[in-house]
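Q: sharing a sequence plus its predicted fold:
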Amino acid sequence: MAATNGDGRQLLSALEGRRCPSCRAGSLVRDRYKGNLAALCEECGTPQAQLW
């Protein structure tokens, strides 16, 4: 089931500022990942969610 654009933006907002589960050194920020809006780690760059 795909999220609507508004739901996706709310998801990215909810993830923003959380600690990265992949590296634990950074926190998640909203940015672009491969051209898509995403929540990704500012330290390791691993995306936790992205919108297509």
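A: That came in fine, so what should we check first? Numbering: from 1, shown residues only.

Q: how long is stretch 20-29 from one end to the other?
A: Distances were taken as Cα to Cα, to the nearest Å; on that basis the terminal residues of stretch 20-29 are 10 Å apart.

Q: actually stretch 40-52, not the one I typed
A: The distance separating the two terminal residues of stretch 40-52, taken as Cα to Cα, comes to 15 Å.

Q: equivalent analysis for stretch 15-22, please.
A: End-to-end distance for stretch 15-22, by Cα to Cα: 14 Å.

Q: run the chain-centre distance for that stretch.
A: Mean C-alpha position of stretch 15-22 versus that of the full chain (Cα atoms, centre = their mean, to the nearest Å) differs by 8 Å.

Q: list the buried residues in the helix or strand encompassing Ala38.
A: With secondary structure defined by DSSP states H and E, Ala38 is part of strand 36-41. Taking 16 or more other Cβ atoms under 10 Å as the basis for neighbour counts, the residues of strand 36-41 that come out buried are Leu37, Ala38, Ala39, Leu40, Cys41. For glycine as for every other residue, the C-beta is placed from the backbone atoms N, C-alpha and C.

Q: need the contact list for the residue nearest the centre of the chain.
A: Nearest residue to the geometric centre of the chain (Cα atoms, centre = their mean): Ala39, 1.1 Å. Ala39 makes contacts with Leu11, Leu12, Leu15, Glu16, Leu28, Val29, Arg30, Pro47, Gln48, Ala49, Gln50, as judged by Cβ atoms under 8 Å, 6 or more residues apart in numbering.

Q: which stretches in this structure count as helices?
A: 5-15 (DSSP state H).

Q: so Glu16 sits against Asp31, correct?
A: No - in this structure, Glu16 sits apart from Asp31 without contact. The criterion is Cβ atoms under 8 Å, and the distance is 9.9 Å.
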